[in-house]
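K.L.:
here is my input, please return the structure:
(one chain, ligands or ions: 2)
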Amino acid sequence: MDSLTIPRPDDWHLHLRDGAMLRAVLPETARHFARALVMPNLVPPVVTAAQAADYRDRILAAKPLNSKFRPLMTLYLTEETQVRDLRAAAEIGLVTAVKLYPAGATTNSASGVSDFAKVRRVLENMAQIGLPLCVHGEVTDPTIDIFDREAVFIDRVLDPIRRDVPGLRVVMEHITTRDAADYVRAGGPDLAATITTHHLVINRNHILAGGIRPHYYCLPVAKREEHRLALVAAATGGEACFFLGTDSAPHLDAAKLMPCGCAGCFTATNTLSILAEVFEREAALERLEGFVSRHGPAFYRLPVNTDTVTLIKGEPVAYPALIATDDGPVTVFDPMMPLHWRVAG
Ligand code: DOR
Ligand code: ZN
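P.N.:
Ligands and ions are numbered 1, 2, ... in the order given. Model prediction:
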């Protein structure tokens, strides 16, 4: 096979930021993707319906001319989130999901949830109206090793929440372990997971062996090779509970390359080429369509995009190493392998 036409993909987990960064990174996603679920971890976070509407308008204003890209908005769950505000935002289709960050788990998560009892009523309302909860699945307990934080989160937080609030629809975001993949598989129709592009490519050696590589540092941090292999099996296996959420998370190089660097891999630019390569290596190219174009809309109860993209195989494609912003460069994720698939047009 050297050409593949599929419904235009969606990205079910994306960081677009704001201002100069938004203007620089949005075209990278809008070029290939029809829709993206936009994360709300701005400073300050997108907490209310009014803030989500304003942020959506800023994204639409930054959109390249003639682009049909549609941002799907999320609200950042806090212990102060108001049921009425959230229900109204969901009813008019302004928000597609609510994002749960355990307080302190990652970039700009200080306003996240510490006491889960305080958000129970909100979660019950979300279950009633079918509004999905997107979960950053890591405990923040400093005594838990960072490589174990996802697996411990499932036992200590996620499973109790799901038992407590039956019918709550949950997406476990950017899973990084076999434990998470197995938990999601067994979770029934109300549970799904996104998998990033970079977690299909790197393991923890890529971050730490032979020198520290800040551009491969993200959260949840990449785990052992056996977990990467479990993620590849999940993504390429055709199971509807797994779909693409790139977690493309741009940071200025100046913020990554410092004694305490930010977490995030910027993959918007070359994601589809990387995924085609990964799926082809697994002899699973025919399942790429499910992973990038069909399973996500099915979970979110939205139509599959009607227009298409065509991927063409040929000589290795060169992508820029950096994206320029008015505030400085952002490094594009280096997959450390030649990419033979490009998006036509
Ligand atoms: O690597 C990450 N970067 N993980 C997250 O959870 C947040 C994201 C960001 O916003 O930079
Ligand atoms: Zn993210």
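K.L.:
send me stretch 106-122 as PDB with only the CA atoms.
P.N.:
Extracted as PDB, the C-alpha positions of stretch 106-122 are listed here (Å, rounded to 0.1, in the frame of the first residue of the first chain):
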ATOM      1  CA  THR A 106       1.400  18.900  35.800                       C
ATOM      2  CA  THR A 107       1.700  22.200  33.900                       C
ATOM      3  CA  ASN A 108      -0.700  24.800  35.300                       C
ATOM      4  CA  SER A 109      -2.600  22.400  37.400                       C
ATOM      5  CA  ALA A 110      -2.500  24.400  40.700                       C
ATOM      6  CA  SER A 111      -6.200  25.000  40.600                       C
ATOM      7  CA  GLY A 112      -7.000  21.300  40.100                       C
ATOM      8  CA  VAL A 113      -8.900  19.000  42.500                       C
ATOM      9  CA  SER A 114      -7.500  18.000  45.900                       C
ATOM     10  CA  ASP A 115     -10.700  16.800  47.600                       C
ATOM     11  CA  PHE A 116     -12.700  14.600  45.300                       C
ATOM     12  CA  ALA A 117     -15.800  14.700  47.600                       C
ATOM     13  CA  LYS A 118     -16.100  18.400  46.700                       C
ATOM     14  CA  VAL A 119     -16.600  17.700  43.000                       C
ATOM     15  CA  ARG A 120     -19.000  14.800  43.400                       C
ATOM     16  CA  ARG A 121     -22.200  16.700  42.700                       C
ATOM     17  CA  VAL A 122     -20.600  18.100  39.500                       C
END
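K.L.:
and residue 301, what is it in contact with?
P.N.:
By C-beta atoms under 8 Å, 6 or more residues apart in numbering, the contact list for residue 301 reads residue 130. Any C-beta I mention is one placed from the backbone N, CA and C, and that applies to glycine too.
K.L.:
quickly note the distance from it to ligand 1.
P.N.:
Separation of residue 301 from ligand 1 (C-beta to the nearest ligand atom, to the nearest Å): 25 Å.
K.L.:
repeat that for residue 320.
P.N.:
When distance is defined by C-beta to the nearest ligand atom, residue 320 is 20 Å away from ligand 1.
K.L.:
how far away is that residue from residue 264?
P.N.:
For residue 320, the distance to residue 264 under the criterion C-beta to C-beta, to the nearest Å works out to 18 Å.
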